[in-house]
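>>> Following is a predicted model, sequence given first.
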Amino acid sequence: MICRMDKNELKINIKPLSDNKLWMWVHRKTAEYRRYESKILKEIPDTFKLEKRKTALYFTFWFSNSRSDASNPLKALCDILWKKFDEWDDRMIYHLEVNKVIVPKWEEFIQIRSEYLD
């Protein structure tokens, strides 16, 4: 493994490991995940669209707990977006940004913005 650092940049010469290869057994959705998925799908307005194009996604997670991990909701939300938009899937993501904001309890929410790169 070769690591190089230039200013505040790090290059690790290892192929990125897919989330699909991280787990030994088939994942099963929990009841909590199925409820979450259902709520998210209902909240996505018809005016929000994703097409089969190179996409940039910008997520802001408004957490009440400062120890919340900003990367944890990403895969589930990308999979839920894929379920909502038949032609689009998360392989179309070519740019991804994640922000974390701390808010008072009961004021948590998710903000998603998309742009096409082609």
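Looks like it came in fine.

>>> contacts and neighbour counts: CA atoms only from here.
Noted.

>>> same question for the helix or strand containing residue 58, mean pLDDT?
Applying DSSP states H and E as the criterion places residue 58 in strand 55-63. Averaging pLDDT along strand 55-63 gives 95.

>>> mean confidence for whatever helix or strand comes next after that strand?
Next along the chain after strand 55-63, taking DSSP H and E as the criterion, comes helix 74-84. In this model, helix 74-84 carries a mean pLDDT of 93.

>>> looking just at contacts, which helices and strands does helix 74-84 meet?
helix 31-43 (3 or more Cα pairs under 8 Å, 6 or more residues apart in numbering; DSSP states H and E).

>>> still on that earlier bit, if I take the strand holding residue 58 and helix 74-84, what angle do their directions form?
Here the directions of strand 55-63 and helix 74-84 differ by 120 degrees (axes from the mean of the first three to the mean of the last three Cα atoms, to 10 degrees).

>>> Flag every buried residue along strand 55-63.
Neighbour-count burial for strand 55-63, counted by 16 or more other Cα atoms under 10 Å, picks out 55, 56, 57, 59, 60, 61, 62, 63.

>>> Nearest to residue 110, out of those: which one, please.
residue 61 (4.9 Å; Cα to Cα).

>>> any idea how far residue 48 is from that closest one?
18 Å (Cα to Cα, to the nearest Å).

>>> Okay, now the unreliable bits of the protein?
1-12, 16-17, 19-24 (pLDDT under 70).

>>> what's the neighbour count on residue 64?
16 (other Cα atoms under 10 Å).

>>> what's near enough to touch it?
Residue 64 makes contact with 102, 103, 104, 105, 106, 107, 108 under the criterion Cα atoms under 8 Å, 6 or more residues apart in numbering.

>>> circling back: partner strands of the strand holding residue 58, with direction?
strand 93-102 (parallel), strand 109-116 (antiparallel) (DSSP bridges).

>>> now what about that strand, what contacts it?
70, 92-103, 105, 107-117.

>>> Weed out the non-buried ones from these.
For the contacts of strand 55-63, buried by 16+ other Cα under 10 Å: 70, 92, 93, 100, 114, 116.

>>> Quick check: chain neighbours aside, which residue is closest to the last one?
Same thing as residue 116. Nearest residue to residue 116 in three dimensions, chain neighbours excluded: residue 55, at 4.6 Å (Cα to Cα, 6 or more residues apart in numbering).
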